[in-house]
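Chemist: Using only what follows, build the 3D model:
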Amino acid sequence: FYQNNIQKNTMKISATTLTFMSVVGLTAGFAPNAATKTATYLRLSDIPMETNAGYPEVNGWTADPSKFCAGLPGSVAPLGEFDPLGLVSTKYGLSVDEIKKYRESEVTHGRVAMLASLGYLVGESFHPFFGGVVSGPANSHLAQVQDVAPGFFIALTVAIGASELYRAKTGWNAPPKELSKIVDDPNSAFGARLNDDYYPGDIGFDPFGLKPKTASGFAEMQTKELNNGRLAMIGAIGMLIQELVNEQTIMDTLKTMM
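Modeler: So this is what the prediction gives:
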């Protein structure tokens, strides 16, 4: 009798235990698994990137997609890697070719701005050309030149066209080569790629031999040029707007402020 009761109780306990374990197992099967959850998505930063595979070394620089601005110089204190909009970050899907185009544009605009800033300050104070009749705020100089020597604009157009053509032939892919790339990559834009062995801004123009021979020296000079160009872009637009507002030369404005 006692043995039968023990067997019955044992069977009840075993049945209860099995039922409980089945419920727990079933619940666990529908519960979210932390390891599975973290494996269902993958961030771009988690993907190991080949740092400089397939990129040639130019002026001591080899493109590295894992670095800021693909490793190009120009980041200095206190701003450092200043890019709040992510315009030159490979994390946002930007390719090395596009980063090189942005740098090409920045260097070119910086050089033009440096010439413009110098033109504002020097041209308004010293203007021996065209018989010395061109004077006043620099914003009005081109209009005055058009009245005095209209042929000057033809020469200016030819000079700008020749320099831009030389820059395009030096740094940019030729149309037949670019067309073949479009066939391989339909998303690419016509004429929108720089040559792989071209360093942004280095068109080979160095009449005074100032280009450094070492990679560190070149990076340092490139950073100085970028900083001066960035400052000049801000300065040139500031002088342009100032003369539009008060219609006075920059030096006259400074004298008034003092």
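Chemist: buried set for the longest helix anywhere in the chain?
Modeler: For the chain, the helix that runs over the most residues, judged by DSSP state H, is helix 215-246. Of the residues in helix 215-246, 218-219, 222, 225-226, 228-229, 232-233, 235-236, 239, 242-243 count as buried by neighbour count, 16 or more other Cβ atoms under 10 Å. Using the backbone N, CA and C atoms, a C-beta is placed for each residue, glycine as well.
Chemist: What of stretch 101-117?
Modeler: Using 16+ other Cβ under 10 Å as the burial criterion, the residues of stretch 101-117 that qualify are Lys101, Tyr102, Arg103, Glu104, Glu106, Val107, Thr108, Gly110, Ala113, Met114, Ala116, Ser117.
Chemist: Switch the buried residues of helix 215-246 over to a markdown table; also include distance to Tyr166.
Modeler: What follows is those, written out as a markdown table (distance: Cβ to Cβ, whole Å):
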| residue | distance to Tyr166 |
| --- | --- |
| Phe218 | 21 |
| Ala219 | 25 |
| Gln222 | 20 |
| Glu225 | 19 |
| Leu226 | 22 |
| Asn228 | 23 |
| Gly229 | 20 |
| Ala232 | 22 |
| Met233 | 23 |
| Gly235 | 27 |
| Ala236 | 24 |
| Met239 | 29 |
| Gln242 | 34 |
| Glu243 | 32 |
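Chemist: Would you tell me which one of these comes nearest to Leu156?
Modeler: When the buried residues of helix 215-246 are compared for distance to Leu156 (Cβ to Cβ), Ala236 comes out closest, at 18.1 Å.
Chemist: Can you name the residues that contact the closest one?
Modeler: With contact taken as Cβ atoms under 8 Å, 6 or more residues apart in numbering, Ala236 is in contact with Ala113, Ala116, Ser117, Tyr120.
Chemist: ok, which stretches of the chain are helices?
Modeler: Listed in chain order, the helices of the chain (DSSP H) span residues 2-30, 34-38, 96-123, 141-148, 152-171, 175-184, 215-246, 250-257.
Chemist: Take the ones you listed and write them to JSON lines, including distance to Gly132 and mean pLDDT.
Modeler: Below are the helices of the chain laid out as JSON lines (distance: least, Cβ to Cβ, whole Å; pLDDT from 0 to 100):
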{"stretch": "helix 2-30", "distance to Gly132": "90", "mean pLDDT": "42"}
{"stretch": "helix 34-38", "distance to Gly132": "75", "mean pLDDT": "42"}
{"stretch": "helix 96-123", "distance to Gly132": "12", "mean pLDDT": "93"}
{"stretch": "helix 141-148", "distance to Gly132": "10", "mean pLDDT": "90"}
{"stretch": "helix 152-171", "distance to Gly132": "15", "mean pLDDT": "93"}
{"stretch": "helix 175-184", "distance to Gly132": "46", "mean pLDDT": "66"}
{"stretch": "helix 215-246", "distance to Gly132": "20", "mean pLDDT": "95"}
{"stretch": "helix 250-257", "distance to Gly132": "17", "mean pLDDT": "90"}
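Chemist: Format the buried residues of stretch 101-117 as CSV; extra columns: distance to Phe68.
Modeler: Written out in CSV, the entries for the buried residues of stretch 101-117 read as follows (distance: Cβ to Cβ, whole Å):
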residue, distance to Phe68
Lys101, 17
Tyr102, 13
Arg103, 12
Glu104, 17
Glu106, 14
Val107, 17
Thr108, 21
Gly110, 19
Ala113, 23
Met114, 25
Ala116, 29
Ser117, 28
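Chemist: and the two most separated of the residues you listed?
Modeler: Pairwise distances among the buried residues of stretch 101-117 were taken by Cβ to Cβ; the largest, 24.5 Å, belongs to Lys101 and Ser117.
Chemist: quick one on the thing from earlier: need the helices of the chain in CSV (columns: distance to Gly209).
Modeler: Compiled in CSV, the helices of the chain are given as follows (distance: least, Cβ to Cβ, whole Å):
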stretch, distance to Gly209
helix 2-30, 75
helix 34-38, 57
helix 96-123, 18
helix 141-148, 33
helix 152-171, 18
helix 175-184, 31
helix 215-246, 13
helix 250-257, 33
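Chemist: Fine, thanks again, bye for now.
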